[in-house]
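Participant: Structure for this input, please:
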Amino acid sequence: MKPAFSTVACPDWTLDRVAESAEHVGAMGVELRTFGSGSTEFASDPALISSEKLRMLFGWAGVTPCCLATSIAFDETIFPPVIGQVISDTERSVREAKSAIDLAQSIECPFVRVFGFEYHGSENRANANGRIINRLSKVVDHCRNKGVRLVIENGGSFATAAALSELLDLVPDTLLGVAYNLTVAKAAGESIENGLNVLGDRLLLAKMKDLKDGRPCALGSGDHDAAGAIAALAASGFRGYLIYEYDRAWLDMLPPPPAQGVRKPGLKPVQLPGALEVLKTSMKFMYERLGAAEPVRKPRPAQRV
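Facilitator: Here you go, the predicted structure:
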């Protein structure tokens, strides 16, 4: 497995600081959170700098931008049910996802993360799945010949591997896989071992976090069995990126959110420990559980003069 972290831990860092810090803490990869072109939510949004500069920064640090993480979901309802197909913007999520795939290709990032996300009210489950699959299939088609694969993360009405498999079975394409958040699945009542068995080779990325008394904390220092989750992943034969999420972006004492909002509603601001030490502790915990004292590093390229 290859330890990595998400930039939700450091929304105020620039990308050069992200790359340098990733090298410092021993991360082999970084999941880059993006809100799309023109967004200024995160200083580390990859849409804010040229693709060439981003590739240079991460290449010099010997770190891979392993996933471009979006908040794009495909569950938006069509209203009115019939005429809405004509008068509503039913393809917005598809366009946004295609744009993210193009960005990922330009920075040589292998995965783009999206969501399902949930059923609305008492709507028919089959109809909802059909709406999501219709949009999802168009985005998967856009991945072809781009060196990018789409990963759908569990959450909402698809919080478990078993629930996600309903969508995966309807889009039988190798360009679509899963970013399995072990913490979310466990909270939904799913056995990690069972979830990994259900996903099989459709598991492309693994994600986890840790909480202490409901607050984000360094991996291994919270109430979750992080060591057991990593052991289950290792036993399953997973060899991809294991991404640690430290949700400082959503919970720390940041300026008031913009109109569209990026933080979860109803959560009171709390002061969390600084990102660098938490990431360092979490990467160390991962390597120890994987039986490696030190990360394997790519040699740095010769410096230009």
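Participant: any low-confidence regions in the stretch 51-200 of the chain?
Facilitator: Along the stretch 51-200 of the chain, the parts satisfying pLDDT under 70 run over 78-89.
Participant: For residue 74, which non-adjacent residue is closest in space?
Facilitator: Leaving out its chain neighbours, the residue that sits closest to residue 74 by CB to CB, 6 or more residues apart in numbering is residue 135, at 4.1 Å. Heads up, the C-betas are built off the backbone N, CA and C, glycines and all.
Participant: For my notes, confirm that neighbour occurs in a helix.
Facilitator: Yes: under DSSP: H, G, I helix; E, B strand; the rest coil, residue 135 falls within a helix.
Participant: show me what contacts the most centrally placed residue in the chain?
Facilitator: By CA atoms, centre = their mean, the chain has its centre lying nearest to residue 69, at 4.5 Å. Contacts here follow CB atoms under 8 Å, 6 or more residues apart in numbering; on that basis residue 69 touches 6, 31-34, 113.
Participant: And the furthest pair within those?
Facilitator: Farthest-apart pair in the contacts of residue 69 is 6 and 34; separation 11.4 Å (CB to CB).
Participant: okay, those two: which has more neighbours?
Facilitator: residue 34 (26 against 23; other CB atoms under 10 Å).
Participant: surely the more buried one meets residue 48?
Facilitator: No: the criterion here is CB atoms under 8 Å, and residue 34 misses it with residue 48 at 9.1 Å.
Participant: mind listing the helices for the stretch 51-200 of the chain?
Facilitator: 51-61, 84-87, 92-106, 125-142, 161-170, 182-187, 192-199 (DSSP state H, counting those that start in this stretch).
Participant: now the ones you listed as TSV including mean neighbour count?
Facilitator: TSV is the format used below for those (neighbours: other CB atoms under 10 Å):
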stretch	mean neighbour count
helix 51-61	17
helix 84-87	10
helix 92-106	20
helix 125-142	17
helix 161-170	18
helix 182-187	20
helix 192-199	19
